[in-house]
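> one predicted model, sequence on top.
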Amino acid sequence: MFKTMRGRIIAIVLVCLAAGYQLWSNGLKLGLDLQGGIHLVLEVEDPENTLTVEARADAIDQAETVVRNRIDQYGVEEPLIQQSGGDRLIVELAGIDEEGRTRARDLIQQSAFLEFKLVRPVSEIESALSRIDRVIVNEFGQDSLSALGRAVEGSGAGASQQDLENILFGAGADSTTEGDSVAATDSAAVVDSMAEADSAIEADSAAAEPETSQDEPNLSPFGSLLLRDDSPTAGSVAGSFLVDNADYEIANLFLENPRVQNAFPRGITLAWADELVGGGAGTYQRLYVLEEDNFITGDFLDDAQATRDPQMNEPLVNFQWNRAGGRQFGRVTGANIGNSIAIILDGRVVSAPTVQSRISTSGQIEMGPGTPMEQAADLALVLRAGALPVPLVIMEERTVGPSLGQDSIDQGRLAGIVGLFMVLGIMILYYRMAGVLAIGALAIYVLLVLGGLAGLNATLTLPGIAGLILSIGMAVDANVLIFERIREELLAGRATRTAVEEGFGNAFSAILDANITTLITALILFQFGTGPVQGFAVTLSIGIVASFFSALYVTRTFFLIYLSGKKSSDPISI
Amino acid sequence: MRIFGSASYRFIEGRKKAYIVSSIAILAGVVAMVLNISAIGSWQNYGVDFEGGSLVQVGFSQDVTTGDVRSALGGANGPDVTEFAGENEFLIRAPQAEDATVNQVREEIESSLTQAFGSDSYVVERTELVGPKIGAELQRKAAFAILVSFALTLVYIAIRFELRFGMAAVIATMHDILITLGFLAIFRVEISLPTVAAILTIVGYSLNDTIVVFDRVRENMNKKGARKREQIDLVNQSINETLPRTILTSGTTLAVLLALLVVGPAVIRDFSVVLILGVMIGTYSSIFVASPALIDIDRRMGEKKPRREKVAKAEDAIPT
């Protein structure tokens, strides 16, 4: 039936209807570069390269589940989450704006490892401070503090203590420094006004520096950084020190050293709070003294929701334990009434409430004043979705704003229309009536490519649009080959009908070979590329197949219609 | 209308000139590549896709000059700032530090811009942040993709035509890629993923063009009396016969590419330029490189080991 005129027309109409239906029902899926969004490539964090291939593949499997869970709960339409190369995760989220991108990034990357540890009194670490300091002096040298870039040594600690008291109790309170002798002399020199205190320190330290560095090496590099929090509000956080924010990096460097960690008392660890204390001139990091082992983790969570504290109007996250978690949590809290427990998220203490009574089913995490509600909502979400088994690092990130994507679509469409009209002009000018037939076939070609893209659920990207436009230019090639052959046959004196038949027949091998080699490069391009480039390759491949059909079948049918009323000796317009 | 309808140019005879022109073009490109190694540290101007680094496109709602943006980002020591397409649009490029996260540079750029212009005065339109590991992998994959496409088309053409056709087609395609790469090196066009896609498309287009000519050569070779004809005449005739088609198809393809370049999206402007160039080179090479190469390969092969039929005939001629 495909050989008769009626059969041909029916076949073409059916194919067009199918393409049109696909386009109408599926629509074109636009790539991230056209509709805006974020494309992330993540890898398991493993800087030392210690993981085996299997361990890495296993970790990425679990991470994929967790990330998928989180994205699903976050509510992005048609997210793409897939593994690549056995140790990578590709995440694509479409149509989100700048703020959404930041949130999504955090949402995907946050480990969300929730654990609970008992807070220990500071005395437990103080007894070991001299040992820890000895290790630090051994590890980092006698002048470890000044060597690490801390300008004022002991005097700084003393002044900080004074500042701290100014902040916590107001100026003029008794200074009960626990620093060394240098600190004590300094605090005597400090005057009430902070500004004067600063200048005093400068003068003092300038004078004292040769002494401290030569005669009195600071043998307590770590201990001198720790400030005991004796403020009235310290009750709930008795098991913590404060460290001047300026000293935080040095203190952290000490704490991260494995030998220093070995010097800790058995079963004791230190962890930073996630928020600064104080503000303005004096900001401090809080350092908690904790039991080393956690007694429960986020694995036992059943649910978590963000709410707002009705009294304080601060966002908080309520969570519920599952049965096993509830039993364990109840046992520990029951045995520790009056003590504090630290809620630790990704290694940072979020809060350390005092246990008032046995709690076995639920609890809450206070997010602190001024935290946006979204942050609480996101925390609840990641807690529900579960912790990442290993941290993920972003290897590649591409984002496109929605407005830029729309511009690309508009300009691409314009370029396509202009290009189409130019081809149309050239073809009609050169081939007259045959050119008109070719343009008709070209219109069907464009419909088929778009329908094919929709039907294969392929993504139209910006290079894809370019590929489509380019393929319009190349699609006429097959027509040109055929028309040139027909002209040659006509010139050789063949009758019209024979010339057309011969023309199509002779052009076939060139069209076939040329298209197959282009198809080969398009397929390789697909293998090689990611995202936009793959979109280009797909468009090009579909274009090649569609041009085959449109040039050989559709144009031929149009020719048959055109010739149907003519005698075989009548001239044709080509 | 009909152009070059009865053309009978002697293309093959002039092949020495074409070889010289091509050699000069390739040589200029190679010189540019070598100069680039000392000037910009690498033979091509690799973009963030291949070298790793950050590319941030920002648009300002107020009038801002490149100098303003540059000084906001730390002046001469800061990242590279160029104006892009529309008004008050800028591309900021920064290399990737070894141990930094990919987002670090973006964050620094954004905070500097916020400090200098305020957070409401600009929008981040696009970011491309690529870690060095990914970039290095892509370089390998791109080279691999081009080589594989060579190998596969060589095999395909060798099967459909003859080995020498396949060799000539690959020589012509390599010629096109070399000249294109040379052009990219001379003008330091940024090599990005779309640029590589464009180069691979050129491979496809150039082969397409070459094959149409070769198809005609194959056909003419199989015609009656072809054996007696001089190979050069046969190839010349084939080129001339396909000349109208070659010109017309290149014309329509260039027409759409020009439309893409002039009114199309700015993001793919480089992509369009490379394609336009590639189409012109591809058209040139199918006539002036691929077909002459066919003749020259034939002669070389003929010198080394004479064709069996000829040997056979010669033996026949010798009376035993």
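Sure, I can see it.
> any idea of the pLDDT on the closest residue to A:Leu468 other than its chain neighbours?
Leaving out its chain neighbours, the residue that sits closest to A:Leu468 by CB to CB, 6 or more residues apart in numbering or on different chains is A:Thr539, at 5.1 Å. Backbone N, C-alpha and C define where each C-beta goes, glycine included. We have a pLDDT of 87 for A:Thr539.
> for the helix or strand harbouring A:Thr539, buried residues please.
Using DSSP states H and E, A:Thr539 maps to helix A:532-549. Of all the residues in helix A:532-549, those buried under the rule 16 or more other CB atoms under 10 Å in any protein chain shown are A:532-544, A:546-549.
> same thing with stretch A:319-334?
If you call a residue buried by 16+ other CB under 10 Å, then stretch A:319-334 has these buried ones: A:Phe319, A:Trp321, A:Gly325, A:Gly326, A:Gln328, A:Phe329, A:Val332, A:Thr333.
> farthest-separated two in the residues you listed?
Farthest pair in these (CB to CB) is A:Phe319 and A:Val332. Separation: 15.5 Å.
> check contacts around whichever residue of the stretch 51-200 of chain B sits closest to chain A.
Nearest residue of the stretch 51-200 of chain B to chain A: B:Ala145, at 3.8 Å (CB to the nearest CB). Contacts for B:Ala145 were tallied using CB atoms under 8 Å, 6 or more residues apart in numbering or on different chains; they are A:Ile524, A:Leu525, A:Gln527, A:Phe528, B:Val196, B:Leu200.
> scan those and report the most crowded one.
A:Leu525 (28 neighbours; other CB atoms under 10 Å in any protein chain shown).
> quick one: which helix or strand includes that residue?
Assigned by DSSP H and E, A:Leu525 falls within helix A:496-528.
> quick one: which of the contacts of B:Ala145 has the lowest pLDDT value?
Among the contacts of B:Ala145, A:Phe528 has the lowest pLDDT, at 75.
> give me the spatial nearest neighbour of it, chain neighbours excluded.
That would be B:Ala145: by CB to CB, 6+ apart, it lies 3.8 Å from A:Phe528.
> what residues of the strand or helix carrying that neighbour count as buried?
Applying DSSP H and E as the criterion places B:Ala145 in helix B:132-160. By 16+ other CB under 10 Å, the buried positions in helix B:132-160 come out as B:132, B:134-135, B:138-139, B:141-142, B:145-146, B:148-150, B:153-154, B:156-158, B:160.
> just to revisit the earlier point, now, the most widely separated pair of the contacts of B:Ala145?
A:Gln527 and B:Val196 (12.7 Å).
> A:Lys567 belongs to a helix?
No - counting by DSSP: H, G, I helix; E, B strand; the rest coil, one finds A:Lys567 to be coil, located in no helix.
> any idea how far A:Ala495 is from it?
9 Å (CB to CB, to the nearest Å).
> the more surrounded of these two?
Taking other CB under 10 Å, A:Lys567 and A:Ala495 do not tie; A:Ala495 has more neighbours (14 against 9).
> list the residues that contact the more buried one.
Neighbouring residues of A:Ala495 by CB under 8 Å, 6+ apart: A:Ser568, A:Ser569.
> per-residue confidence at it?
Note on A:Ala495: pLDDT of 88.
> what packs against the helix or strand A:Gly100 falls within?
Using DSSP H and E, A:Gly100 sits in helix A:98-109. If contacts are counted by 3 or more CB pairs under 8 Å, 6 or more residues apart in numbering or on different chains; DSSP states H and E, helix A:98-109 sits against strand A:37-44, helix A:53-74, strand A:88-94, helix A:373-385, strand A:392-400.
> does the shortest one reach chain B?
No - taking CB under 8 Å from any CB of the partner chain as the criterion, strand A:88-94 and chain B are apart, separated by no less than 9.1 Å.
> report the buried residues of that strand.
Buried residues in strand A:88-94 (16+ other CB under 10 Å): A:Arg88, A:Leu89, A:Ile90, A:Val91, A:Glu92, A:Leu93, A:Ala94.
> pull up the residues of the stretch 51-200 of chain A that are close to chain B.
Residues of the stretch 51-200 of chain A lying near chain B (CB under 8 Å from any CB): A:Glu98, A:Arg105.
> which residues of the stretch 51-200 of chain A score low on pLDDT?
Low-confidence segments of the stretch 51-200 of chain A (pLDDT under 70): A:142-200.
> and the residue of it found nearest chain B, how far from B:Val213?
Taking CB to the nearest CB, chain B has its nearest neighbour within the stretch 51-200 of chain A at A:Glu98, 6.1 Å off. Remark: distance between A:Glu98 and B:Val213 (CB to CB) = 52 Å.
> over to A:Asn457?
The gap separating A:Asn457 from B:Val213 is 38 Å, by CB to CB.
> neighbours of the residue nearest to A:Leu460 when sequence neighbours are not counted, just the number please.
Take A:Leu460 and drop its neighbours on the chain: the residue closest to it by CB to CB, 6+ apart is A:Leu28, 5.0 Å away. A:Leu28 has 17 neighbouring residues, counting by other CB under 10 Å.
> turn the contacts of B:Ala145 into JSON lines, including distance to B:Val31.
Shown next, in JSON lines, are those (distance: CB to CB, whole Å):
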{"residue": "A:Ile524", "distance to B:Val31": "30"}
{"residue": "A:Leu525", "distance to B:Val31": "30"}
{"residue": "A:Gln527", "distance to B:Val31": "33"}
{"residue": "A:Phe528", "distance to B:Val31": "29"}
{"residue": "B:Val196", "distance to B:Val31": "23"}
{"residue": "B:Leu200", "distance to B:Val31": "25"}
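> closest one of the residues you listed to A:Phe264?
Taking CB to CB as the measure, A:Phe264 lies nearest A:Phe528 of these, at 52.1 Å.
> give me the number of residues near A:Thr297?
15.
> got a list of what it touches?
Counting by CB under 8 Å, 6+ apart, A:Thr297 touches A:Phe113, A:Leu114, A:Glu115, A:Phe116, A:Ala387.
> list the contacts of the first one.
Spelled out, it's A:Phe113. By CB under 8 Å, 6+ apart, the neighbours of A:Phe113 are A:Thr297, A:Gly298, A:Leu345, A:Asp346, A:Gly347, A:Ala387, A:Leu388.
> in JSON lines, list the residues you listed along with pLDDT and secondary structure.
Formatted as JSON lines, these follow (pLDDT from 0 to 100; DSSP: H, G, I helix; E, B strand; the rest coil):
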{"residue": "A:Thr297", "pLDDT": "89", "secondary structure": "strand"}
{"residue": "A:Gly298", "pLDDT": "87", "secondary structure": "helix"}
{"residue": "A:Leu345", "pLDDT": "87", "secondary structure": "strand"}
{"residue": "A:Asp346", "pLDDT": "86", "secondary structure": "coil"}
{"residue": "A:Gly347", "pLDDT": "87", "secondary structure": "coil"}
{"residue": "A:Ala387", "pLDDT": "83", "secondary structure": "coil"}
{"residue": "A:Leu388", "pLDDT": "83", "secondary structure": "coil"}
